[in-house]
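S.K.: Only the shape, not the letters, is given here:
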């Protein structure tokens, strides 16, 4: 089944403790992206990647890092999480970054930073 | 900058037709997408419009007017399972970024 898999689904952590949210897709998509979703704000893009070793900032990249060492994986790293990063996070992928194909989203990771 | 505006909530009756509007302001424009998201779920792709006019996919249709920077999603023969949030999203040219609106929560009543 074609899908984007995120882990974990839920995570509660403490301020300053480094964490990684994994994202993997099995559709051979070149383009992957991370979004955060907060009430009333819709989905805001954190980082995106056009292909292996090619990443760029979205609209809200502060406090986050990403890497794209393999085509299928695009982990999101929070080096020193803070409470304002409490949010619902989604990973998405699409062929070549073309919106007409539609983005396929993962099931989401609900992160709470205390 | 860029902005997308859509109503925060819409209520409709089962079997009826509902239209969710989206107006946008962006520096550069490729196309307008629509996504559906049920509570606790992932957004799922519904439609994409790059050219003016109406695109129909089953009970759902999407319309775009580039000159008015306006689009809408039309849902016909509403079903209870259509209760969800609907997001419009703008693809800006040459940026590989999909910018989402804040979403419209649709409640379908019996």
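M.R.: Sure, I can see it. Just so we're clear, the structure is a prediction, and the values are computed from it rather than from any experiment.

S.K.: residues from chain B in reach of chain A?
M.R.: Chain B comes close to chain A at residues B:4, B:8, B:30-31, B:33, B:35, B:41-45, B:48, B:50, B:87, B:89, B:91, B:96-103, as judged by Cβ under 8 Å from any Cβ of the partner chain. Backbone N, C-alpha and C define where each C-beta goes, glycine included.

S.K.: Now, of these, which are buried?
M.R.: Those of the residues of chain B next to chain A that meet the buried threshold are B:4, B:30-31, B:33, B:35, B:42-43, B:45, B:48, B:87, B:89, B:91, B:96-103, by 16 or more other Cβ atoms under 10 Å in any protein chain shown.

S.K.: ok, now which ones touch the spatially most central residue of chain A?
M.R.: Closest residue to the average C-alpha location of chain A: residue A:34 at 2.9 Å, with Cα atoms, centre = their mean. Each residue near residue A:34 by Cβ atoms under 8 Å, 6 or more residues apart in numbering or on different chains is listed here: A:23, A:45-48, A:58, A:64, A:66, A:74, A:76, A:89-92.

S.K.: restrict those to contacts with chain B.
M.R.: When Cβ under 8 Å from any Cβ is applied, the members of those adjacent to chain B are A:45, A:48, A:58, A:90, A:92.

S.K.: State the number of residues packed around the fourth one.
M.R.: One way to gauge burial is a neighbour count; for residue A:90, by other Cβ atoms under 10 Å in any protein chain shown, it gives 24.

S.K.: so how far is the helix or strand containing it off the chain centroid?
M.R.: In this assignment (DSSP states H and E), residue A:90 forms part of strand A:87-94. Centroid separation between strand A:87-94 and its chain, computed with Cα atoms, centre = their mean, to the nearest Å, is 5 Å.

S.K.: by contact count, what packs against it?
M.R.: The contact analysis (3 or more Cβ pairs under 8 Å, 6 or more residues apart in numbering or on different chains; DSSP states H and E) places strand A:87-94 against strand A:4-7, strand A:19-25, strand A:31-38, strand A:104-105, strand A:109-113.

S.K.: now do 6 Å
M.R.: Counting contacts by 3 or more Cβ pairs under 6 Å, 6 or more residues apart in numbering or on different chains; DSSP states H and E, strand A:87-94 packs against strand A:4-7, strand A:31-38, strand A:104-105.

S.K.: just to revisit the earlier point, sitting in strands, which of the buried ones among the residues of chain B next to chain A do you find?
M.R.: B:4, B:31, B:33, B:35, B:45, B:48, B:87, B:89, B:91, B:98-100 (DSSP state E).

S.K.: out of the residues you listed, who's nearest chain A?
M.R.: Minimum distance to chain A across these is 3.0 Å, recorded for residue B:45 (Cβ to the nearest Cβ).

S.K.: This completes my enquiry, with thanks.
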